[in-house]
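J.: pasting the structure only:
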Ligand SMILES: Nc1nc2c(c(=O)[nH]1)N[C@@H](CN(C=O)c1ccc(C(=O)N[C@@H](CCC(=O)O)C(=O)O)cc1)CN2
Ligand SMILES: NCC(=O)N[C@@H]1O[C@H](COP(=O)([O-])[O-])[C@@H](O)[C@H]1O
């Protein structure tokens, strides 16, 4: 049975959405563990409530990114991961980490990449005056938020939106598309052809909500 290790930094709502749909649809998958980069990550509480092993690898206790990432690799390998899911994980990962998990490391980004890579995407979208925003699931590569796109969903930016209202609308979209992308991976439907992700059998990778 394939196993997933999830990395979080905060509330872990994407992780929760994946676990709940996996339970509802009775996926054949093991959630081998959740790892947070600091102890205040509330998503650890949800993991514990579900009997999913929860761990903290405190990035502030490491002298370098390389040291932190090496500790992450050791923990993830000890748990066993066919897929590593970044879910609100807020640390840039080193080339060594990327190489170690290449092709089985995914992330959800709160924007329609390639628009708005990095942080503070909702505020930046509002400041840019875009009429649509959204979320992207992608394979993770050394470059930040540059990896091959697996799927996306768009949401409207409404008159009167602020960062709170827009982020909530995007987050609701994330909770729909991330579980879909994880299941595609688990079902062996994703192939990377150069920088393009091919889904077999084909279906739209721009998900209608
Ligand atoms: N090598 C890669 N690492 C990560 C990627 C990636 O595509 N390549 N995706 C990110 C997730 N992410 C956006 O989706 C993201 C997370 C964090 C940052 C960032 O600047 N982090 C700062 C610390 C910020 C903080 O602690 O609040 C940092 O690491 O110095 C940018 C983008 C996950 N990693
Ligand atoms: N660059 C990474 C990033 O900004 N991730 C974003 O963190 C939020 C909290 O996720 P969570 O509720 O799953 O913890 C989500 O919107 C996710 O897209």
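T.: Perfect, I can see it now. What you are looking at is a predicted structure, and each value in this text was computed from that prediction instead of being measured. Ligands and ions are numbered 1, 2, ... in the order given.

J.: all contacts plus neighbour counts: C-alpha atoms, from now on.
T.: OK.

J.: pLDDT-wise, which helix or strand of the chain ranks last?
T.: Ranked by mean pLDDT, DSSP states H and E, the helix or strand of the chain with the weakest confidence is strand 190-193, at a mean of 91.

J.: name the residues that touch stretch 173-190?
T.: The contact list for stretch 173-190, computed with CA atoms under 8 Å, 6 or more residues apart in numbering, reads 2, 13-14, 17-18, 21-22, 108, 110, 134-137, 150-155, 197-201, 207, 209.

J.: before we move on, back to that, determine the set of other helices and strands touching the helix or strand just after the least confident helix or strand of the chain.
T.: Next helix or strand after strand 190-193 toward the C-terminus (DSSP states H and E): strand 196-199. When contacts are defined as 3 or more CA pairs under 8 Å, 6 or more residues apart in numbering; DSSP states H and E, strand 196-199 packs onto strand 149-156, strand 190-193.

J.: now for the first one, which elements pack on it?
T.: This means strand 149-156. strand 132-139, helix 163-186, strand 196-199.

J.: residues in a beta bridge with the residue nearest the centre of the chain, which ones?
T.: Residue closest to the average C-alpha location in the chain (CA atoms, centre = their mean): residue 107, at 3.1 Å. Per DSSP bridges, residues listed as beta-bridge partners of residue 107: residue 86, residue 138.

J.: and what of residue 151?
T.: Following DSSP bridges, residue 151 is listed with bridge partners residue 137.

J.: around ligand 1, pick out the residues from this protein.
T.: Applying CA under 6 Å from any ligand atom, we find that the chain lies next to ligand 1 at 89-94, 108-109, 118-119, 140-146.

J.: the same query, at a cut-off of 5 Å, please.
T.: 90-93, 109, 118, 140-142, 144-145 (CA under 5 Å from any ligand atom).

J.: only the buried subset of these, as a PyMOL command please.
T.: Buried residues within those, by 16 or more other CA atoms under 10 Å, are selected in PyMOL with:
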select buried, resi 93+109+140+141+142+145
